[in-house]
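Peer 1: need the 3D shape of this:
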Amino acid sequence: MNLTLLTARSKEPLPDFTGATARVLGASFIGLPSVDSVAGWPVQTIAAPLLGGVGDSLQEIWRLDIESRAGTSEGIAFRRAGPLLYGVIELDEAVFSNAPSPLQAATEEAYRRIFRLLEQEGLPHLWRVWNYLAGINLENDGLERYRQFNIGRQDAFIAFKRGATGNVPAACAIGLAGGPLSIAFMAGEQPAVPVENPRQISAYNYPAAYGPRSPTFSRANLVYLPAQEILFISGTASIVGHQTVHPGDAAGQCRESLGNVAAVVDAASALSRGAAYGLERLSYRVYIRHAEDFSAIRECLAERLGSAEIVYLQADICRSDLLVEIEAVAAQSLGNC
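Peer 2: All right, here's what the predicted structure looks like:
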């Protein structure tokens, strides 16, 4: 069983999936204008401008070499293939307008639904989560929205007796100009192998200065399908220890962020059941707060990443002083093990 990530830009034709829809696990649509998906698989829509002259939009598609089955559960669209599941849920905060924090309530409810689905499907291990929310750095009722999100997320973990430290999913939390709370996730039958960064304090151990609840994610996860190992690297920024470094310097933050990615790659390689990972082997998604910083960030990454696949988009980062965030994925065959 193998999972492959395909990228189709707006100027390119979509891969021909005629007669093979069941072999697509899911996808993300990135760009503006956003569109309603008519695909036969779950799609997360990320309404953010693409950077770099690649067109208005692209799709990242998770393709399988076996068939999957489609399903829905409490507003979650999902597909399952054997020991693997990909799902997408969107919730409108307005539905929770009577709650003290609509975002916190929506986040907790979304994660509760995800956990119920995973229990129903017998796939208990949440491997990777992609979180997108409007106005991530705005403050409502005296608390930044990202911190409200963290409370809701952790409350759901606790309610379902899931640990909020240690073996938690790789994740990102990114701010968009508007739209619903959107969460895509991948889960599996086997537990992930968590990977942390020796240059950073684990996010779930951040001090209280960063909010009432620490973020619930690992720096990366190694996950396993039959005959395949996948490395998911969480959104990674210019943080050393727990502090932002190089404030106001996009190029400096890019170099530091990439240094953190490299440290995670080294740590993952030490735990890998296969060959060591290299930076050039990964596929990247790079979030840039200010479009005018794109050239400096692209130049910074080109020096280290060469011809690696990189998607750039303009979006907000979880801290207001962070200018760039990098996430990545890679996979390798493990033969018949």
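Peer 1: what residues are up against the residue nearest in space to the middle of the chain?
Peer 2: By CA atoms, centre = their mean, the mean C-alpha position of the chain lies nearest to residue 130, the distance being 3.2 Å. Taking CB atoms under 8 Å, 6 or more residues apart in numbering, we find residue 130 in contact with 28, 44, 171, 172, 174, 183, 184, 185. The way it works is simple: take the backbone N, C-alpha and C, and place the C-beta from them, glycine included.
Peer 1: now residue 147: which helix or strand?
Peer 2: According to DSSP states H and E, residue 147 maps onto helix 145-159.
Peer 1: immediately after that helix, which helix or strand?
Peer 2: Following helix 145-159 in sequence, per DSSP H and E, is strand 170-176.
Peer 1: count of residues packed around residue 68?
Peer 2: Per other CB atoms under 10 Å, the neighbour tally for residue 68 reads 22.
Peer 1: and it, how close does it get to residue 60?
Peer 2: 17 Å (CB to CB, to the nearest Å).
Peer 1: quick one: the helices in the stretch 101-250 of the chain, in order.
Peer 2: Here the stretch 101-250 of the chain has its helices, by DSSP state H, counting those that start in this stretch, at 102-121, 145-159, 250-271.
Peer 1: how far does the first one sit from its chain's centre?
Peer 2: Think helix 102-121. On the basis of CA atoms, centre = their mean, to the nearest Å, helix 102-121 sits 17 Å off its chain's mean C-alpha point.
Peer 1: and if you look at the shortest one?
Peer 2: Helix 145-159 sits 16 Å away from the centroid of its parent chain (CA atoms, centre = their mean).
Peer 1: what packs against it?
Peer 2: helix 102-121, strand 125-134, strand 170-176 (3 or more CB pairs under 8 Å, 6 or more residues apart in numbering; DSSP states H and E).
Peer 1: and it with helix 102-121, angle?
Peer 2: Helix 145-159 and helix 102-121 meet at an angle of 30 degrees, taking axes from the mean of the first three to the mean of the last three CA atoms, to 10 degrees as the criterion.
Peer 1: what mean pLDDT does helix 145-159 have?
Peer 2: Mean per-residue pLDDT for helix 145-159: 98.
Peer 1: who's in contact with it?
Peer 2: Here helix 145-159 has contacts from 101, 103-112, 114-115, 131, 133-140, 163-164, 168, 173, 175, 210-216, 318-319, using CB under 8 Å, 6+ apart.
Peer 1: swap in the last one?
Peer 2: Residues outside helix 250-271 that contact it (CB under 8 Å, 6+ apart): 193, 195-200, 219-220, 222, 231, 233, 236-240, 245-246, 276-279, 282, 288, 290, 293, 296-297, 299-301, 304-305, 322-326, 328.
Peer 1: pull out the buried members of these.
Peer 2: Using 16 or more other CB atoms under 10 Å as the burial test, those include 193, 195-197, 199-200, 219-220, 222, 231, 233, 236-239, 246, 277, 279, 282, 288, 293, 296-297, 300-301, 305, 322-326, 328 as buried.
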